[in-house]
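Engineer: got a predicted structure plus its sequence, pasted below:
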Amino acid sequence: SLSAAANGSASSRSFETERQLTSTNEATPNRVYFSKTDQPEAVPYLNYLDVGSKDHDILRIIALRDSMFIFKKDGVFRVVGDSPSTFAVQLFDPTIILGPPDSAVALANQVFCMSTQGVLAVSDTGSEILSRPIENELLRLLYTNQTNFTNASYGIAYETEHEYELRVPDTSASDTRQAYIYNSVTGAWFKDTFRTNHGIIGAADNKKYLASNTVVLQERKSLTSSDYVDTTSLPVGTAASPGSVTLDSVAGISVGDIVADWTGTIAGRINAINGLTLTLDEQVTLDVIISDIVTVYASIPSVIEYNPIVAGSPSTLKTWQEINVLFGNAYIPTISVGYQTELLGSLITDSVNGATTIAQWSTALAALNGASLFVEIPFNLRLIVSQERRLGARLKIRLTHQNAFGWFNINGLSAMYEMTSERTSR
């Protein structure tokens with residue numbers, strides 16, 4: 001109570017002696033706040049936009065040149081406008097439901113993301129499904145390991161290489177063990193099985209960095225043939241002779257890798273592995289003393305498989321005569337070309353030797369000496385289909401390459417054929 005005296009009179013007033021007050025925090029998971037113009041630290045309480053239903057959280061926000069895309073469980077919304085007074089929220093597409101939140105990234109003024117429809121490219125003009133060629137693989141991963149797929153998967157936008165990289169776990173793992181990489185120029189997908197937990201494109205050097213629990217890897221980017229190797233291993237050499245070297249372990253080493261001694265001098269490309277002894281393509285003796293470190297540059301296995309060629313008629317039998325692969329350049333020692341029809345039980349593979357056919361380089365030393373000679377030399381690889389394996393309605397072609405320092409690009413592919421007669425009787 002309170003008592004007071006004024007002008008000889010007294011008054012009193014009673015107050016509540018105890019009262020519980022409970023504060024509340026307004027939960028609006030669909031709300032976006034924005035700051036004052038040019039004052040990013042000043043965010044008035046009333047500067048907000050409510051996006052879609054309050055029952056669904058905002059999963060990801062990606063800004064493009066003229067708009068901002070907001071991904072929620074009830075669809076995709078777009079914020080347009082160039083000032084607080086003109087900001088407006090529009091429903092862009094209620095059927096696009098984002099999968100892994102970290103899969104959404106900005107690339108080439110589009111948003112690339114993994115959704116329940118597959119991998120999409122979302123722009124101001126609409127959306128496009130990109131993952132039809134690999135849809136079965138992605139959906140199998142999504143539905144057999146949904147929790148880990150959603151929590152662990154992430155996307156990387158690589159502007160200079162025009163690539164969207166989606167790193168995902170396999171069917172049982174909780175970390176990302178493979179990547180599906182899309183080239184926005186060629187429209188082609190390829191797969192990388194390198195195991196990482198994090199990835200980023202460095203702002204200072206524009207190189208890719210991948211990290212696991214124990215190591216951080218930096219992309220090779222000298223723009224020479226020395227870029228075309230994978231991670232290096234450092235086994236210990238125990239003996240050496242012209243054209244061979246013996247190591248204490250050959251774990252992780254493959255034919256096609258390139259070996260250097262402790263000084264960094266290239267000794268040769270591995271042609272064969274017999275026990276702990278490596279046979280090289282150069283008759284050079286490594287400078288190896290007992291217990292010296294030997295550097296092995298790992299080759300990158302590359303497999304390119306094309307959709308079956310049907311020549312306009314998928315059901316008509318044909319006699320396939322020859323295969324032509326047009327290389328823009330083929331700076332490689334060997335490449336394997338495989339082909340198969342629906343009548344063949346297995347893939348038939350022929351190995352093409354670079355020294356006699358491609359005529360680019362045949363040894364590791366030649367590859368290193370020509371490392372900076374990135375000159376386009378078109379080459380047409382012609383392969384005759386063997387007589388007993390020519391018949392079929394569809395022809396599948398696969399190219400396989402595994403040589404460190406080897407690089408190539410393919411400009412086109414064709415197959416010569418003759419249609420068989422459709423007559424069954426006279």
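Structural biologist: Cool, got the structure.
Engineer: who's in contact with stretch 336-345?
Structural biologist: 320, 323, 325, 346-352, 381, 383, 385, 389, 391-401 (C-beta atoms under 8 Å, 6 or more residues apart in numbering). C-beta here means a position set from N, CA and C on the backbone, and glycine is covered the same way.
Engineer: PyMOL command for the buried members of these?
Structural biologist: The buried residues among the contacts of stretch 336-345 can be selected in PyMOL (16 or more other C-beta atoms under 10 Å) with this line:
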select buried, resi 320+323+325+352+381+383+385+391+392+393+394+395+396+397+399+400+401
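Engineer: what bridges to the closest residue to L130 other than its chain neighbours?
Structural biologist: Distance criterion C-beta to C-beta, 6 or more residues apart in numbering; nearest residue to L130, sequence neighbours excluded, is V119 at 4.7 Å. Beta-bridge partners recorded for V119 (DSSP bridges): M114.
Engineer: and V119, how many neighbours does it have?
Structural biologist: 24 (other C-beta atoms under 10 Å).
Engineer: same question for S225.
Structural biologist: Look at S225: counted by other C-beta under 10 Å, it has 22 neighbours.
Engineer: one more: T116?
Structural biologist: Neighbour count of T116, defined by other C-beta under 10 Å: 12.
Engineer: separation between H162 and Q387?
Structural biologist: 43 Å (C-beta to C-beta, to the nearest Å).
Engineer: do N30 as well
Structural biologist: For N30, the distance to Q387 - C-beta to C-beta - is 68 Å.
Engineer: which of the two has more residues huddled nearby?
Structural biologist: N30 (20 against 9).
Engineer: tell me the confidence at that one?
Structural biologist: Per-residue pLDDT puts N30 at 92.
Engineer: I'd like the distance from the longest helix along the chain to the chain centre, please.
Structural biologist: Identified as the longest helix of the chain according to DSSP state H is helix 135-144. Taking the mean of its C-alpha atoms, helix 135-144 sits 16 Å from the chain's own mean (C-alpha atoms, centre = their mean, to the nearest Å).
Engineer: narrow the contacts of stretch 336-345 to those in strands?
Structural biologist: 320, 323, 325, 348-352, 381, 383, 391-392, 395-401 (DSSP state E).
Engineer: could I get stretch 335-350 in PDB with only the CA atoms?
Structural biologist: This file holds the C-alpha atoms of stretch 335-350, laid out as PDB (Å, rounded to 0.1, in the frame of the first residue of the first chain):
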ATOM      1  CA  ILE A 335      41.400 -45.700 -74.100                       C
ATOM      2  CA  SER A 336      38.900 -48.600 -74.100                       C
ATOM      3  CA  VAL A 337      35.900 -48.600 -76.400                       C
ATOM      4  CA  GLY A 338      33.100 -51.100 -75.500                       C
ATOM      5  CA  TYR A 339      29.900 -51.900 -77.400                       C
ATOM      6  CA  GLN A 340      26.900 -54.100 -76.900                       C
ATOM      7  CA  THR A 341      23.600 -54.800 -78.600                       C
ATOM      8  CA  GLU A 342      20.600 -56.400 -77.000                       C
ATOM      9  CA  LEU A 343      21.600 -59.700 -78.700                       C
ATOM     10  CA  LEU A 344      25.000 -59.800 -77.000                       C
ATOM     11  CA  GLY A 345      25.300 -61.200 -73.600                       C
ATOM     12  CA  SER A 346      28.100 -58.900 -72.500                       C
ATOM     13  CA  LEU A 347      30.000 -55.800 -73.400                       C
ATOM     14  CA  ILE A 348      32.700 -56.200 -76.000                       C
ATOM     15  CA  THR A 349      35.800 -54.000 -75.200                       C
ATOM     16  CA  ASP A 350      38.700 -53.100 -77.500                       C
END
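Engineer: how distant is it from the center of its chain?
Structural biologist: The answer for stretch 335-350 is 27 Å, by C-alpha atoms, centre = their mean.
Engineer: how about stretch 196-215?
Structural biologist: Worked out by C-alpha atoms, centre = their mean, stretch 196-215 lies 13 Å from the chain centre.
Engineer: quick one: end-to-end distance for that stretch.
Structural biologist: Distance between the two ends of stretch 196-215: 9 Å, counting by C-alpha to C-alpha, to the nearest Å.
Engineer: does W189 touch I181 like I think?
Structural biologist: Yes: counting by C-beta atoms under 8 Å, W189 does reach I181; the two are 6.9 Å apart.
Engineer: one step back: and the longest helix of the chain, what other elements does it pack with?
Structural biologist: strand 118-123 (3 or more C-beta pairs under 8 Å, 6 or more residues apart in numbering; DSSP states H and E).
Engineer: please identify the buried residues of the strand it packs on?
Structural biologist: Under 16+ other C-beta under 10 Å, the buried positions of strand 118-123 are G118, V119, L120, A121, V122, S123.
Engineer: kindly export it (C-alpha atoms) in CSV.
Structural biologist: The C-alpha trace of strand 118-123 is given here as CSV (Å, rounded to 0.1, in the frame of the first residue of the first chain):
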residue,chain,number,x,y,z
GLY,A,118,14.2,-34.7,-58.7
VAL,A,119,16.8,-32.1,-59.4
LEU,A,120,15.2,-28.9,-60.6
ALA,A,121,16.5,-25.6,-62.1
VAL,A,122,14.2,-22.9,-60.9
SER,A,123,14.2,-19.4,-62.5
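Engineer: other SSEs contacting that strand?
Structural biologist: Checked by 3+ C-beta pairs under 8 Å, 6+ apart, strand 118-123 has strand 110-115, strand 126-129, helix 135-144 packed alongside it.
Engineer: give me that answer again for 7 Å
Structural biologist: strand 110-115, strand 126-129 (3 or more C-beta pairs under 7 Å, 6 or more residues apart in numbering; DSSP states H and E).
Engineer: between that strand and strand 110-115, how many degrees?
Structural biologist: Relative orientation of strand 118-123 versus strand 110-115 (axes from the mean of the first three to the mean of the last three C-alpha atoms, to 10 degrees): 160 degrees.
Engineer: outside of strand 118-123, which residues touch it?
Structural biologist: Applying C-beta atoms under 7 Å, 6 or more residues apart in numbering, the contact partners of strand 118-123 are 69, 76, 96, 109-113, 127-131, 135, 138, 166, 182.
Engineer: deepest of the helices and strands packed on strand 118-123, which one?
Structural biologist: strand 110-115 (a mean of 25; mean count of other C-beta atoms under 10 Å).
Engineer: could you give the angle of that strand to helix 135-144?
Structural biologist: 60 degrees.
Engineer: flag the shaky bits of the stretch 1-150 of the chain, pLDDT-wise.
Structural biologist: For the stretch 1-150 of the chain, applying pLDDT under 70 flags the ranges 1-19.
Engineer: how about the strands of it, start to end?
Structural biologist: In the stretch 1-150 of the chain, the strands defined using DSSP state E, counting those that start in this stretch lie at 2-6, 9-13, 31-33, 48-50, 58-63, 68-72, 75-80, 88-93, 105-107, 110-115, 118-123, 126-129.
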